[in-house]
Each structure stands twice: as C-alpha cells, then as structure tokens.
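**Student:** Starting from these lines, generate the structure:
(one chain, ligands or ions: 1)
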Amino acid sequence: MNTLDAMRSRRNIRQFSDRAIPAKDLDQVLEMARRTPSGSNKQNWDFVVVTDRNQLQELSKVWQGARPVASSAATIGLVAPKVSDERASLGIQYDLGQVTMTIMVAAADLGIGSGHAWVQDQQLAQKVLGFPDDRFLAWMIALGYPADGPLKPIENLKRRPFDEVVHRGRW
Ligand SMILES: Cc1cc2nc3c(=O)[nH]c(=O)nc-3n(C[C@H](O)[C@H](O)[C@H](O)COP(=O)(O)O)c2cc1C
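**Tutor:** Residues are numbered from 1 along each chain as shown. Sure thing, here's the model as predicted:
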C-alpha cells in the first residue's frame, strides 16, 4: 500500500483474527517508530512488544477500553519517563502521539490493523511488562489483522467536514 492509501485505510481495530504478524513486518513497524521525530530529539520512549497470548490477556485488563489488546497478534507498549514538569510532560505526550501515528500508518501500509488503548492500572502494567519505577506505560497500540476483513480505503468517513476544519490564512 502507498502511504496515502495506508492513511485512508487505517481505522481503529478492536477485534483481531488469529493470524500472526510476520516477525520482519513487526520489526519494520518498530523501526519506523524508532525513526519518529521528537522534541530536542529526546526520544523519551521505549517500546515493549508483547506477543505471548497470556501476557496480552493480562495486559488487556489495565483498562476496560484496553480489551482489544487481548485478541491482538502483538501489542506495543509505549513506556515513557515520569516527569513532574508540566511542559516536559506535554512534550512527551505530543511525541508519543507522533510515535502512535507512525506505528499505525506503518502497520496499515503492511495491511496490519491497529488500535489505541489507554492505561489506567499502572501497577498491573508494571507487573506484566517489568519496566523500572521511574517509567510508566503511557499508551498501548494493539496490532493484528482485522477480524472483520482487510483494511481498505474508507469511503464513509466519520469526521468533521473539510471546510469546517480547515481555515485558510485566518480563522
Ligand atoms: C488518544 C487516544 C486514545 C484512545 N484510547 C482508546 C482506548 O483506550 N480504547 C479504544 O478502544 N479506542 C481508543 N481510541 C480510539 C478512538 O476512539 C478512535 O481513534 C476514534 O474513535 C476514531 O476512529 P478511527 O480510529 O477508527 O478513525 C483512542 C484514540 C486516541 C487518539
């Protein structure tokens, strides 16, 4: 798929098929994630990749909205440093948003579906993933092949209209 079609085809996947993701495709997605730009090139992220079914099922319990993780072929946990400074925290969240979209577009390019998951239970997340005390699990990206059929460019887009969102020159 080319990049624009990958972006047109991406949608949140909440139920995945049993098909595994080839290791080389998963590594390509992670390599693209590693290339993501970040403020001052700080790269305040680590990627914890989980493919073990029992671990995925445990991980899916960190928040009720994280259920898609249970059926995913792989989930990438975005682990970031805990910071008290508000500006630094906002910067890290911005960078994590960029990583998220990089992962999702790279995955879609390879025909792999993806879904965001927030994290509530940090204790459980740390128990399952074993990251150090000065880090937290910021977000998870569940990956796999959609249970309801392959990704293809979306026709009926649920988005605000183009002319309402785009302001040219001034608001
Ligand atoms: C910051 C953020 C957090 C999200 N968290 C969750 C989540 O925890 N669980 C979930 O099922 N979807 C989650 N979503 C998915 C959104 O609901 C979804 O992207 C949105 O409805 C647009 O649909 P689309 O992704 O299919 O285009 C999240 C999306 C974003 C951007």
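**Student:** Kindly format the C-alpha coordinates of the longest strand that the chain contains as PDB.
**Tutor:** The single longest strand within the chain, with elements called by DSSP state E, is strand 135-144. Coordinates of each C-alpha in strand 135-144 appear next as PDB, following Å, rounded to 0.1, in the frame of the first residue of the first chain:
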ATOM      1  CA  ARG A 135       8.700   4.900  34.000                       C
ATOM      2  CA  PHE A 136       5.000   4.500  33.200                       C
ATOM      3  CA  LEU A 137       3.000   2.700  30.500                       C
ATOM      4  CA  ALA A 138       1.600   5.700  28.600                       C
ATOM      5  CA  TRP A 139      -0.300   4.000  25.800                       C
ATOM      6  CA  MET A 140      -0.600   0.700  24.000                       C
ATOM      7  CA  ILE A 141      -1.000   0.000  20.300                       C
ATOM      8  CA  ALA A 142      -2.700  -3.300  19.600                       C
ATOM      9  CA  LEU A 143      -1.700  -4.800  16.300                       C
ATOM     10  CA  GLY A 144      -3.000  -7.600  14.100                       C
END
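**Student:** what does the helix or strand following it contact?
**Tutor:** The helix or strand immediately downstream of strand 135-144 is helix 162-165, counting by DSSP states H and E. Helix 162-165 is contacted from outside by residue 159, using Cβ atoms under 8 Å, 6 or more residues apart in numbering. Where C-beta positions appear, they are placed from N, C-alpha and C, glycine not excepted.
**Student:** Appreciated, that's everything.
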